[in-house]
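Q: coords please:
(one chain, ligands or ions: 1)
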Amino acid sequence: MSGNKLRLALVQMHVDAGYPEANFERLEERLAEAVAGETKPDLIMLPEMWNTGYALEEIESIADPEGERAKALLSGFARKHGVQVIGGSIAEKRAGGVYNTIHAFNECGELTDDYSKIHLFRLMDEEKYLQAGERLGTLTAGGIQAGMMICYDIRFPELARKLALNGAQALFVPAQWPNPRLHHWRTLLMARAIENQMFVIACNRSGESGETSFFGHSMIIDPWGEVVAEAGEEETVLRAEIDLALVEAVRAKIPVFEDRRPSLY
Ligand SMILES: NC(=O)CCC(=O)C(=O)O
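A: Numbers count the residues shown, from 1 in each chain. Model prediction:
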């Protein structure tokens with residue numbers, strides 16, 4: 001990160017539901033691609049549940065115990081390449097059950113933050129197999145003030161607003177958001193960016209699992225609601241540089257946070 005500028009690389013990848021080995025292998029290839037080339041990113045982000053996909057009926061047996069395998073890989077990668085990593089999310093087995101959890105690492109490979117999805121998506125049976133997290137996702141890695149939400153969480157504007165009120169200038173959103181709801185995905189992400197005058201950085205998966213297809217379209221949206229970068233449907237590393245100073249400029253131009261009337265609502 002130089003000044004307020006941040007070079008991002010979002011790994012939009014296929015996920016084989018039920019095959020962690022294949023997913024770890026694919027991830028290592030995509031991560032190598034993300035740091036190849038002349039301009040190294042400051043921060044790399046992955047999609048939701050990249051280790052297991054939505055193989056929920058077998059999730060107890062394939063989820064990563066305490067996230068140890070994923071954490072070792074991502075921490076080592078962050079340290080080796082001096083890059084921050086927001087580890088998308090993984091299926092993580094803990095004492096209370098299986099959680100859908102993000103682990104975030106700084107450029108020294110230290111685990112700085114974690115967040116487990118707090119809204120479980122019934123249309124994909126999450127509530128039958130996963131446990132909901134009980135606290136908000138605040139990101140401190142690399143000195144960025146940001147929040148984390150996972151996929152379905154973006155349908156809850158109160159959550160994004162709370163993170164913004166707590167100081168977030170950016171929102172990181174890993175996802176496995178399938179067809180036919182591209183319209184919802186794009187609109188909700190843009191709304192969260194515009195209403196909270198923050199960057200929204202969202203990494204979706206691509207490819208198919210059974211009859212479900214995932215459209216990709218990972219996106220980086222600025223606090224004015226402009227799309228800085230958007231992927232297509234295929235596997236790719238989506239790159240962009242953002243300037244966090246834009247957050248204050250937009251908030252000064254239209255002072256939404258000063259004009260709020262919380263006593264009325
Ligand atoms: N993995 C998810 O949370 C999917 C959310 C989704 O598709 C939606 O429409 O909401």
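
Q: Contacts only, for whatever residue of the stretch 1-150 of the chain ends up closest to the ligand.
A: In the stretch 1-150 of the chain, the residue found nearest to the ligand is F121; the distance is 3.8 Å by C-beta to the nearest ligand atom. For the C-beta atoms, the positions are set from N, CA and C on the backbone; glycine is no exception. Counting by C-beta atoms under 8 Å, 6 or more residues apart in numbering, F121 touches E127, C151, Y152.

Q: close enough to count as contact, the last one and K117?
A: Read that as Y152. Yes: between Y152 and K117 a contact is recorded at 7.3 Å, counting by C-beta atoms under 8 Å.

Q: Which neighbours do these two have in common?
A: E126.

Q: which of the two has more neighbours?
A: Per other C-beta atoms under 10 Å, whichever of Y152 and K117 has more neighbours is K117, with 26 against 21.

Q: separation between the more buried one and V173?
A: For K117, the distance to V173 (C-beta to C-beta, to the nearest Å) stands at 11 Å.

Q: What about the ligand: which of the contacts of F121 touch it?
A: By C-beta under 6 Å from any ligand atom, the members of those lying near the ligand are C151, Y152.

Q: Of the contacts of F121, which belong to strands?
A: Among the contacts of F121, none falls in strands (DSSP state E).

Q: Make a markdown table from the contacts of F121 and add pLDDT and distance to E60 to it.
A: Listed next are the contacts of F121 as a markdown table, based on pLDDT from 0 to 100; distance: C-beta to C-beta, whole Å:
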| residue | pLDDT | distance to E60 |
| --- | --- | --- |
| E127 | 98 | 15 |
| C151 | 98 | 21 |
| Y152 | 98 | 21 |
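
Q: Which of the contacts of F121 sits closest to A72?
A: Of all these, A72 sits closest to C151, with 24.7 Å by C-beta to C-beta.

Q: Does that closest one touch R181 like I think?
A: No: contact criterion C-beta under 8 Å: C151 and R181 do not qualify, at 10.9 Å.

Q: of those two, who's got more company?
A: Using other C-beta under 10 Å, the more surrounded residue of C151 and R181 is C151, with 25 against 13.

Q: Grab the nearest non-local neighbour of that one.
A: Excluding its sequence neighbours, the residue lying closest to C151 (C-beta to C-beta, 6 or more residues apart in numbering) is A175, at 4.0 Å.

Q: wait, what's in contact with the one you found?
A: With contact set as C-beta under 8 Å, 6+ apart, A175 has these partners: P47, E48, I150, C151, W185, A202, C203, N204, R205.

Q: Just the pLDDT at it, thanks.
A: The per-residue pLDDT reported for A175 equals 98.

Q: And S2, by the same measure?
A: 63.

Q: what do you get for the one 4 residues further on?
A: What the model reports as pLDDT for L6 is 94.

Q: Can you tell me which residues in this protein are near the ligand?
A: E48, F121, M124, C151, Y152, R155, Q176, W177, P178, R181, H184.

Q: Go through those and flag which are in helices.
A: H184 (DSSP state H).

Q: Now the two most distant members of the residues of the chain next to the ligand.
A: Among the residues of the chain next to the ligand, the pair separated by the greatest distance (C-beta to C-beta) is E48 and H184, at 15.6 Å.

Q: and those two? which has more neighbours close in?
A: Shown here are E48 and H184; by other C-beta under 10 Å, E48 has more neighbours (25 against 12).

Q: thinking again about what came up before, for the residue of the stretch 1-150 of the chain closest to the ligand, give me phi and psi.
A: Phi and psi for F121, reported as degrees, to the nearest 10, are phi -90, psi 110.
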